[in-house]
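J.: just coords:
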């Protein structure tokens, strides 16, 4: 009787151990599945990072090439425009020809000076040669001095800047024969200064017309 009792105890103990072992085995299998899933997720994330890094490197190389191209264009144009009073800058990723109002107009006026036409003609030849198919935006800019003498004509600097831009735009079309379908104008008034309006030198720089070449 004692033998049977001991056998039964051993049997049930074995079952308990086997049950616990099966539970641990099941738990280990579940952990393995979760670990495998996590490894696959990490591998996928790593591949995504590699792909994005490659794209980033490619985009960075493209941006460097574009920057170099713009700077080369800027230097070339500045060299050809020496002595005209016109400068060239890179503005928001585009070439911009800067024409000071003092080169183009008498104070408070919208009619082009005779000397201005010579400078504009040189600009036109460059635009025709270097950018024959590009869209061009002609921008008018002023300082922040309020309109006084011509208040009856121009309510604010917006109107004056837009009319001056239109004068230059019409010269590009009528005298340089640029395609009007590729030209448009904008009057920014005093709201895009390139220098301080607190002194005469800064105000002079802010009074300008810019011809922006909108390259793709």
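T.: Happy to help now that I have it. None of the values given here were measured: they were computed from a predicted structure.
J.: ranges for the strands of the chain?
T.: Applying DSSP state E to the chain gives strands spanning 87-91, 94-100, 135-141, 183-187, 208-214.
J.: against which helices or strands is the first one packed?
T.: Packing partners of strand 87-91 (3 or more Cβ pairs under 8 Å, 6 or more residues apart in numbering; DSSP states H and E): helix 2-80, strand 94-100. For the C-beta atoms, the positions are set from N, CA and C on the backbone; glycine is no exception.
J.: tell me the confidence at the residue nearest the centre of the chain?
T.: Computing the C-alpha centroid of the chain and ranking residues by Cα atoms, centre = their mean puts residue 92 first, at 5.4 Å. If you check residue 92, the pLDDT there is 92.
J.: the closest residue to residue 154 other than its chain neighbours: how many residues sit nearby?
T.: Leaving aside its chain neighbours, residue 154 sits nearest to residue 160 (4.3 Å; criterion: Cβ to Cβ, 6 or more residues apart in numbering). Residue 160 sits with 26 neighbouring residues when counted by other Cβ atoms under 10 Å.
J.: okay, now the unreliable bits of the protein?
T.: Within the chain, the stretches with pLDDT under 70 are 1-25, 28, 49-51, 53-55.
J.: give me that answer again for 90
T.: Scanning the chain for pLDDT under 90 picks out the ranges 1-66, 106-109, 115, 147-153, 215-216.
J.: how does it divide into domains?
T.: The record assigns the chain these domain ranges, following automatic domain parsing: 1-75, 81-214.
J.: distance between the ends of the longest one?
T.: Meaning domain 81-214. The first and final residues of domain 81-214 sit 20 Å from each other (Cα to Cα, to the nearest Å).
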